[in-house]
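**Student:** missing the sequence, but the structure's below:
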C-alpha cells in the first residue's frame, strides 16, 4: 500500500464550497462507483441500514437549495454573518457562497439511515451511515471531485423528505453538494495537534 498517497488523501480531503465547478457535470457511473466503495465502511452492528438519495434533477435541486438557504439564514442572519466574519472571514464567506449557489451544484447527495421505531436516533443509529459518508467524500476526492459535509437542511428534514419521497423511518444524515473542483490542489488544514489532546489510560494523562 502506498502510504504517501493514502496519507495525502486523508489529510487533504477538504470541505469544498467556493471551488465547486457548477459548469461541469459528474458522470452518474462515477457517483455509483464511489457509493459502492463507501458502503465498505464499518456499519453499526454490521447491519446495512444505509441509503443514498442522489439528486441531479434541476427542479428538485432548486427546491432543496431553497430549504438549505432558509435554514442557513436562520442560523446565520446578516448580523451573525458580520460577527463571524470578524474572526473567520474565509469560513463565513465560503459558507454564504454555498448557501447562495447550492441550486447550481450539479449533484446533491443525501446519505440516509434506517431508524426503526423504538431504536431512536442517537449516536448508535447513525453508526451505519456516518463512516460511509466520509468514505464517499474520500472516494470522490480521489477522482478529483469535491464535496462538502453540510447538515443545515436537517432543520427542514420533513420538507426535504417530501420533495424526494423519503419514507417515514428513514433519517437523513447530511447533504453533500458534489462537483469537480477548480484550481490548485488542497493542503492539510491547520489543526491543534492530536498529541496535545491525546490522553493515555485516563483524561489528562500524557504518555
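**Tutor:** Everything's here; your move. This one's a predicted model, so the numbers in the text were calculated from it and none came from an experiment.

**Student:** which of the residues in the least confident helix or strand in the chain by mean pLDDT are buried?
**Tutor:** Sorting the helices and strands of the chain by mean pLDDT, DSSP states H and E puts helix 78-87 at the bottom, at a mean of 87. Buried residues in helix 78-87, counted by 16 or more other Cβ atoms under 10 Å: 81, 84. (Each C-beta comes from the backbone N, C-alpha and C, glycine too.)

**Student:** same question, stretch 88-107
**Tutor:** Buried residues in stretch 88-107 (16+ other Cβ under 10 Å): 92, 94-96, 98-99, 101-107.

**Student:** where does this structure have low pLDDT?
**Tutor:** The model of the chain has pLDDT under 70 over residues 116-124.

**Student:** re earlier: what's the least confident helix or strand of the chain packed up against?
**Tutor:** Judged by 3 or more Cβ pairs under 8 Å, 6 or more residues apart in numbering; DSSP states H and E, helix 78-87 is in contact with helix 89-101.

**Student:** need the contact partners of the helix it packs on.
**Tutor:** Helix 89-101 is contacted by residues 17-18, 20, 22, 68-69, 72-73, 76, 81, 84-85, 148, 150, 177 when judged by Cβ atoms under 8 Å, 6 or more residues apart in numbering.

**Student:** nearest to the spatial middle of this protein, which residue is it?
**Tutor:** Here the mean C-alpha position of the chain is nearest to the C-alpha of residue 149 (Cα atoms, centre = their mean), at a distance of 2.0 Å.

**Student:** thought that one was touching residue 15?
**Tutor:** Yes: counting by Cβ atoms under 8 Å, residue 149 touches residue 15, with 6.1 Å between them.
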